[in-house]
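# build me a model from this:
(4 chains)
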Protein chains: 2
Amino acid sequence: MPASRKPAPVGAEHAPLELEHFLPYRLSILSNTVSQAIADDYQRRYDLSVTEWRVMAVLARFHGLSAREVAERTAMDKVAVSRALARLVEAGRVHRDTHGNDKRRSVLSLTEAGWLIHDDVAPMARAREREVLAKLDAEERDWLTRILDKLQPVQKP
Amino acid sequence: MPASRKPAPVGAEHAPLELEHFLPYRLSILSNTVSQAIADDYQRRYDLSVTEWRVMAVLARFHGLSAREVAERTAMDKVAVSRALARLVEAGRVHRDTHGNDKRRSVLSLTEAGWLIHDDVAPMARAREREVLAKLDAEERDWLTRILDKLQPVQKP
DNA sequence: CCGTTATAGTTACATATGAAACTAATTGCA
DNA sequence: TGCAATTAGTTTCATATGTAACTATAACGG
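Numbers count the residues shown, from 1 in each chain, chains lettered A, B, ... in the order given. Here you go, the predicted model:
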């Protein structure tokens, strides 16, 4: 009985999970596949991790954030952000200042080098997203947006 | 300017990514949130990782799989499966035999203890999935299934 | 047969990640 | 004031994960 294994007899009454129809499992596979496809584009080229890229993306959009604010915006924990920032600053991609009134807080911004990378990677990321969404028609894309909005309310600052 | 940072001026012409509307990012957050909610249920109780649980789930459904077949069914790589199996066998939750005709291959099955855990965890996992899906109405659930099917064709053995 | 190649699974190493402890600075309030 | 409680950020440590190398067995082709 080589290739195809048969499911367990139903009589056994164990009600096993059908992983391939189980939402959390499907989301996990899909998310990893999509994120990896995009990351492949820039990881080799810039030696940039996904977390580092996310930090750069929010710093491109919001100027002068602190590390904690970056953590909120990226939904990453502060340790991950701290490490990503350490690498980005070291690589000269992010500039770190200290807040005038509160010496605990950092004031972060992309450097010129950081902007160059951003301006190369952002269009690639958008193009990959379009490739994925191209598998859906317009109606399905609308539903997907609506469904994601209901499953995970977007944090509006 | 304390709480709310303002976006960068559009004139700067850098077209930053809006992470909160970027599909890969949203999928990643949603997937992690959902998986973690479920994992919390059983990780403490049984000291069981997500990968271990997935291995158990496919072994509940398909009897006598080899490690490689488990890897295919779970979309995990063979190293991850090997490690999960090592722990599961050590913990007495999975029984490992050797294939009669091919001494390289293992023949895997849940032990009695494994079944007990499975029969406790599987309903919990399903209940959590229902909680998530309860945020959607019937029509949205149908669309979600259709959309997932189009984005990631299900492997049929 | 016997050597090459392929397959199943494990081990080793390097890196990533998360929780908790820690440092430094600020805030709250008696 | 001054001291306890918060907050920002980093470091430490234990664990997880992926890639590549490795072992053992089996399949293939002359």
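
# residue ranges for the strands of chain A, please.
A:94-98, A:106-110 (DSSP state E).

# most packed of those?
strand A:106-110 (a mean of 21; mean count of other C-beta atoms under 10 Å in any protein chain shown). All C-beta spots, glycine's among them, are computed from the backbone N, C-alpha and C.

# so it, near DNA strand D or not?
Yes - under the criterion of C-beta under 7 Å from any atom of the strand, DNA strand D is reached by strand A:106-110 at A:S106.

# can I get the strands of chain A in JSON lines with mean pLDDT?
Shown next, in JSON lines, are the strands of chain A (pLDDT from 0 to 100):
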{"stretch": "strand A:94-98", "mean pLDDT": "96"}
{"stretch": "strand A:106-110", "mean pLDDT": "97"}
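
# what's the neighbour count on the residue of chain A found nearest DNA strand C?
Closest residue of chain A to DNA strand C, C-beta to the nearest atom of the strand: A:K103 (3.6 Å). Residues near A:K103, counting by other C-beta atoms under 10 Å in any protein chain shown, number 8.

# list phi and psi for it.
Torsion angles at A:K103 (phi, psi; degrees, to the nearest 10) stand at phi -70, psi -10.

# report pLDDT for it.
Residue-level confidence at A:K103 comes out at 93, pLDDT.

# and for A:P157?
49.

# distance check, the residue of chain A closest to DNA strand C against A:S66.
According to C-beta to C-beta, to the nearest Å, A:K103 stands 12 Å off from A:S66.

# cool, and A:V81?
Distance of A:V81 to A:S66, computed by C-beta to C-beta: 10 Å.

# neighbour count for these two, which is higher?
Between A:V81 and A:S66, counting by other C-beta under 10 Å, A:V81 is the more crowded of the two (25 against 17).

# might one say that the more buried one is in contact with A:M56?
No - in this structure, A:V81 is not within contact of A:M56 by C-beta atoms under 8 Å, at 11.8 Å.

# chain neighbours aside, what residue packs nearest to A:H99?
Spatial nearest neighbour of A:H99, excluding adjacent residues (C-beta to C-beta, 6 or more residues apart in numbering or on different chains): A:R105 at 3.9 Å.

# run a quick neighbour tally on the one you found.
16.

# contacts only, for it.
If you count contacts by C-beta atoms under 8 Å, 6 or more residues apart in numbering or on different chains, A:R105 has them with A:66-68, A:98-99.

# how about the residues you listed, which pair is most distant?
Greatest spacing in the contacts of A:R105, by C-beta to C-beta: A:R68 and A:T98 (14.0 Å).

# which one of the strands of chain A lies closest to chain B?
Across the strands of chain A, the minimum distance to chain B, taken as C-beta to the nearest C-beta, is reached by strand A:106-110, at 8.7 Å.

# what's the closest one packed up against?
Here strand A:106-110 touches helix A:50-61, helix A:67-74, strand A:94-98, going by 3 or more C-beta pairs under 8 Å, 6 or more residues apart in numbering or on different chains; DSSP states H and E.

# do that again at 10 Å, thanks
Packing partners of strand A:106-110 (3 or more C-beta pairs under 10 Å, 6 or more residues apart in numbering or on different chains; DSSP states H and E): helix A:50-61, helix A:67-74, helix A:78-90, strand A:94-98, helix A:112-133.

# near DNA strand D, which residues of chain A are found?
By the rule C-beta under 7 Å from any atom of the strand, the part of chain A lying against DNA strand D is A:66-69, A:78-79, A:81-83, A:85-86, A:102, A:104-106.

# farthest-separated two in those?
Of all pairs drawn from these, the widest gap by C-beta to C-beta lies between A:R83 and A:D102 and measures 22.1 Å.

# look at these two and report which has more neighbours.
The residue with more neighbours, out of A:R83 and A:D102, is A:R83; 15 against 11, by other C-beta under 10 Å.

# what's the separation between that one and A:A125?
21 Å.

# do the same with A:Y46
12 Å.

# find residues that contact each of these two.
Residues within reach of A:Y46 and of A:A125 at once, by C-beta atoms under 10 Å, 6 or more residues apart in numbering or on different chains, are A:W53.

# can stretch A:35-47 be said to contact DNA strand C?
No - contact of stretch A:35-47 with DNA strand C (C-beta under 7 Å from any atom of the strand) is absent, the minimum separation being 8.7 Å.

# next, the angle from the lengthiest helix in chain A to helix B:67-74.
Identified as the longest helix of chain A according to DSSP state H is helix A:23-46. Relative orientation of helix A:23-46 versus helix B:67-74 (axes from the mean of the first three to the mean of the last three C-alpha atoms, to 10 degrees): 100 degrees.

# is stretch A:29-37 up against chain B anywhere?
Yes - under the criterion of C-beta under 10 Å from any C-beta of the partner chain, chain B is reached by stretch A:29-37 at A:29-37.

# low-confidence stretches in chain A?
Judged by pLDDT under 70, chain A has its weakly predicted residues at A:1-12, A:153-157.
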